[in-house]
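Q: here is my input, please return the structure:
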Amino acid sequence: MRGWGNYVADIASHNDQVLHARFVRSSVASGRIVSVAIPPDVTGFTAADLVEVEPIRAVLHRPDFVEVATPILAGDRVRFVGEPIAVVVAATEAEAEDAAERVAVEIEQLPAVLSASAALAYDAPIVHDDVPEDHPNAPNVVVDGRITTPNADAAFAAAHRTVSVRVSSGRQSAMPLEARAAHAAFERSSGRTTLHATSQMPHVTRTGIADCLGIPEDDLRVVAPDVGGGFGAKMTLAREDVAIVWVARRLRRDVAWIETREENFLAGWHSREQVYDVDGAFTADGELVALRADIVCDLGAYCCYPVTWGVEPLMALAELSGPYKVPEYDVRSRGVTTNKCPIAPYRGVSRPIQVLALERLMDVAAEELGIDRVAIRDLNLVSEFPHRSPTGLVLDEASHRETLAIAAGMADLDDFAARQAVARSQGRYLGIGFSCFAERTGYGTPAMVARSRPFGHAEARKALITPGFERVVVAMDPSGCVTLRIGASPHGQGLKTSLAQVVCDELGLSPDQVRVIASDTDATPYGWGSFASRAMVIAGGASMLAAQDLAERLRGLAADRLGGLPGDIELTDGRARLRGTESSVPIAVLARDTYHSSHLNPDKGEPALESVGVYDPSGTFANACHVAEVEVDPLTGQVDITRFLVAEDAGKLINPAIVDGQIQGGVVQGIANALFEELLYDERGVLVTTSLMDFLPPTVAEVPDIEIAHVCTVSPATLTGAKGVGEGGTIGAPAAIANAISDALRPFGVGVFHLPATPHRIRSAIRDGHDLRLDRHPSDSEIPA
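A: As a prediction, this is how the structure comes out:
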């Protein structure tokens, strides 16, 4: 806020000797590269120059997973508009831009696959024609998972009613305030390169680049300085980052690349273009006894590293049942490759659309069965813990029914019904919508490894990356102050503040005595960065363990000095006190003596105060209920959100202000998903929403005050008592808004089944008297069995 931040572009602007890079990108969605001509007076490189650089490989051990390598620069083929073909460098950004425009690229255009429907058609062009012919998947299907319980068919056959919905979501962008950027500084004396990059995973970025370039990881230092928003899009390894490091090493110069907003929309990862066909088998009183779904995710042209293009379809497969009791389950989830920008995780990954599918199902079922929409949810929500889902996930202690009751109470449904009736008599259309969800957070290696199966040869196993654990190092210096070095990589979530609180609580210090060091591979232990609402749970747990170990050492030192046992020592207000007496010693004195008078240390231990903490949990489920109240203008299609309520259970709140900020920010991105933001391609596969004139994020004018109520369920599944909260706002908001609009438009017979619900789509649905939905499911294009 003060302008003291240090972003990658700041680092580049302060370097007078840096060369600026621009990428030459494909202008067609699918084609064969005939030639690339770089003028003699331009310094530039193509795939032919990078022949010894390995492509990016992201691997899962599953027989239904198709491994596709991502070249750093396209060599023979281009597969989406915006794919990098060449890179040029010059003394200034403007000169680099001019140089890039002078590169002549000739491409033989080929038929492009521009939708999941087209990809699944029997005569579809093949996006990657180098996939082995004996692979069991259908063409263009790169992930194909299915989970079926034994009695699913019988449950549907015996059901009182089967309720069906089809929901879908337009393609989205994380659209961070700061686009991607890289600054690679080559050190001639050592041969090392330091990369400053907009990364959520500095250590994994280093691993990926080192693997591609065939260099030891120690030859590369990766630093993520201040990062202007990540939201998942910056956890993936960028082809551009690999290229920039290679160019810096090749030229033995410093090289910088600052992405433009247009580039970010074209090639900076997309997300959540998905379609769900969902059937629910219900009893007469509204109990959901079985769930069936066919899910198709459009994954774009290439696989994201390290989480792979299985991240969206496999999450949807495993977590569709959400917070509800579902005895029987039959779900198929496929990932389909197309000639569009690749998909990567974006805040919530598949969950916003999963929740949309299930919450629209609940509202439609309530209407068809004549049951109150709150009552049908209350009947089906999980209330006994631990609860095992039909896919094997274990839901730990939570408050699903409690948060629903709190949210309904805050909404005052009787008052709303009266206001809605009065408004309709005046030609105004109010609606209210609910959304309940469970958010899997803080999951480590046990959860990540479950996505794979024992499959694949030795080289594939070597390429597999399974994120999970976090490791921290806590050290107290002779002055009694503490440094905490973490592998997690904060980028705006307030993680340093929260972790400092955890450590100082254990050591009896104040937060200003704890300095957190992160996001520098030379200065921190190997870690997996920040994503998936994991940092406070996993890095927090590791920090607590390390701090507890250091506290035990301090108690031992104090007990020897004050008398008594270590268990009799309290660490508080910067002092070690003997419980029940006035005797105490400053912690700073214990620290100084440990280093400067080590011969006096009673435990003869190491003359240092340092501890390591490692934590690798299975995960914990946060939960919430969102309520949206809207007013819809049927003449213009305009939707005003007049009220938004959140009843959230994120366990123990380490820092309530930060938690509220995370929820509020998440809800705003959920509002964007529901009403505004969408990436659109034309019939040639050219992205037409490449600026903020076309891609419309919500402003403060479109966002209401967000009212939040907290429930605290302490679960043994999380060491600190905290559950993840980073994605929940985005997960629940779209479904609540879709249900609210559907409620408002009930007099017109219009329900919302596709997002974003733009004014044009709402007007069209009202005018034509049909639901707002995608025309068809992608699998409708397949050959009948």
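Q: low-confidence stretches in the stretch 551-700 of the chain?
A: 602-605 (pLDDT under 70).
Q: what element comes up after the longest helix seen in the chain heading to the C-terminus?
A: Longest helix in the chain, counting residues (DSSP state H): helix 540-562. As assigned by DSSP states H and E, the chain's next helix or strand after helix 540-562 is strand 569-572.
Q: kindly export that following strand (C-alpha atoms) in CSV.
A: Extracted C-alpha coordinates of strand 569-572, given in CSV (Å, rounded to 0.1, in the frame of the first residue of the first chain):
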residue,chain,number,x,y,z
ILE,A,569,8.8,-23.7,33.3
GLU,A,570,6.4,-21.3,31.5
LEU,A,571,7.6,-19.3,28.5
THR,A,572,5.7,-16.0,28.5
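Q: mind listing residues that contact that strand?
A: With C-beta atoms under 8 Å, 6 or more residues apart in numbering as the test, strand 569-572 has contacts from 506-508, 551, 554-555, 558-559, 562, 576-579, 587. Yep, even glycine has a C-beta here, placed from its N, CA and C like the rest.
Q: sheet partners, orientation included, of it?
A: Paired strands of strand 569-572, with direction, are strand 575-578 (antiparallel) (DSSP bridges).
Q: drop anything exposed from the contacts of strand 569-572.
A: 506-508, 551, 554-555, 558-559, 562, 576-578, 587 (16 or more other C-beta atoms under 10 Å).
Q: can I get these in a markdown table with distance to residue 397?
A: Listed next are the buried ones among the contacts of strand 569-572 as a markdown table, based on distance: C-beta to C-beta, whole Å:
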| residue | distance to residue 397 |
| --- | --- |
| 506 | 24 |
| 507 | 29 |
| 508 | 30 |
| 551 | 27 |
| 554 | 33 |
| 555 | 31 |
| 558 | 36 |
| 559 | 36 |
| 562 | 40 |
| 576 | 35 |
| 577 | 35 |
| 578 | 37 |
| 587 | 35 |
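Q: could you identify the most distant pair in the residues you listed?
A: The distance between the two most remote of the buried ones among the contacts of strand 569-572 (C-beta to C-beta) is 19.4 Å, for 506 and 562.
Q: one step back: report the buried residues of the longest helix of the chain.
A: 540-548, 550-551, 553-559, 561-562.
Q: and that helix, how far from the chain's centre?
A: Distance of helix 540-562 from the chain centroid (C-alpha atoms, centre = their mean, to the nearest Å) equals 35 Å.
Q: please apply the same query to stretch 714-733.
A: From the chain centre to the centre of stretch 714-733 is a distance of 14 Å (C-alpha atoms, centre = their mean).
Q: could you do stretch 477-495 as well?
A: On the basis of C-alpha atoms, centre = their mean, stretch 477-495 is displaced by 23 Å from the centre of the chain it belongs to.
Q: list the buried residues for it?
A: Neighbour counts over stretch 477-495 (16+ other C-beta under 10 Å) mark 477, 480-495 as buried.
Q: with stretch 731-751 instead?
A: Per 16+ other C-beta under 10 Å, stretch 731-751 contains these buried residues: 731-745, 748, 750-751.
Q: distance of the residue nearest to residue 622 when sequence neighbours are not counted from residue 389?
A: Nearest non-adjacent residue to residue 622, counting by C-beta to C-beta, 6 or more residues apart in numbering: residue 723, 4.1 Å away. From residue 723 over to residue 389 the distance is 17 Å, taken as C-beta to C-beta, to the nearest Å.
Q: please enumerate the helices of the stretch 151-300 of the chain.
A: Secondary structure of the stretch 151-300 of the chain (DSSP state H, counting those that start in this stretch): helices at 152-158, 202-213, 239-251, 261-267.
Q: now, the most widely separated pair of the contacts of strand 569-572?
A: Farthest-apart pair in these is 506 and 562; separation 19.4 Å (C-beta to C-beta).
Q: what about residue 723 and residue 389, which has more around it?
A: Neighbour totals were compared for residue 723 and residue 389, and residue 723 leads with 33 against 21 (other C-beta atoms under 10 Å).
Q: surely that one touches residue 651?
A: Yes. Contact criterion C-beta atoms under 8 Å: residue 723 and residue 651 qualify, at 3.8 Å.
Q: common neighbours of the two, please.
A: The contact lists of residue 723 and residue 651 share 620, 622, 715, where a contact means C-beta under 8 Å, 6+ apart.
Q: contacting residues around the first one?
A: When you say that, I think you mean residue 620. Applying C-beta under 8 Å, 6+ apart, the residues near residue 620 are 396, 441-442, 537, 651, 715, 717-718, 723-724.
Q: same check on residue 592?
A: Residue 592 neighbours (C-beta under 8 Å, 6+ apart): 478-480.
Q: do the same with residue 628
A: With contact set as C-beta under 8 Å, 6+ apart, residue 628 has these partners: 432-433, 435, 641, 643-645, 733, 736-737, 739-740.
Q: make JSON lines from the residues you listed and add distance to residue 568 to it.
A: Below are these laid out as JSON lines (distance: C-beta to C-beta, whole Å):
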{"residue": "432", "distance to residue 568": "57"}
{"residue": "433", "distance to residue 568": "57"}
{"residue": "435", "distance to residue 568": "51"}
{"residue": "641", "distance to residue 568": "57"}
{"residue": "643", "distance to residue 568": "54"}
{"residue": "644", "distance to residue 568": "51"}
{"residue": "645", "distance to residue 568": "48"}
{"residue": "733", "distance to residue 568": "51"}
{"residue": "736", "distance to residue 568": "53"}
{"residue": "737", "distance to residue 568": "56"}
{"residue": "739", "distance to residue 568": "57"}
{"residue": "740", "distance to residue 568": "58"}
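Q: among these, which are located in strands?
A: Those of the contacts of residue 628 mapping onto strands are 432-433, 435, 641, 643-645, per DSSP state E.
Q: relative to residue 401, which of those residues is nearest.
A: Looking across the ones in strands among the contacts of residue 628 and measuring by C-beta to C-beta, the closest to residue 401 is residue 435, at 14.8 Å.
Q: and the closest one, how close does it get to residue 554?
A: 47 Å.
Q: what does residue 296 give?
A: Residue 296 sits 57 Å away from residue 554, going by C-beta to C-beta.
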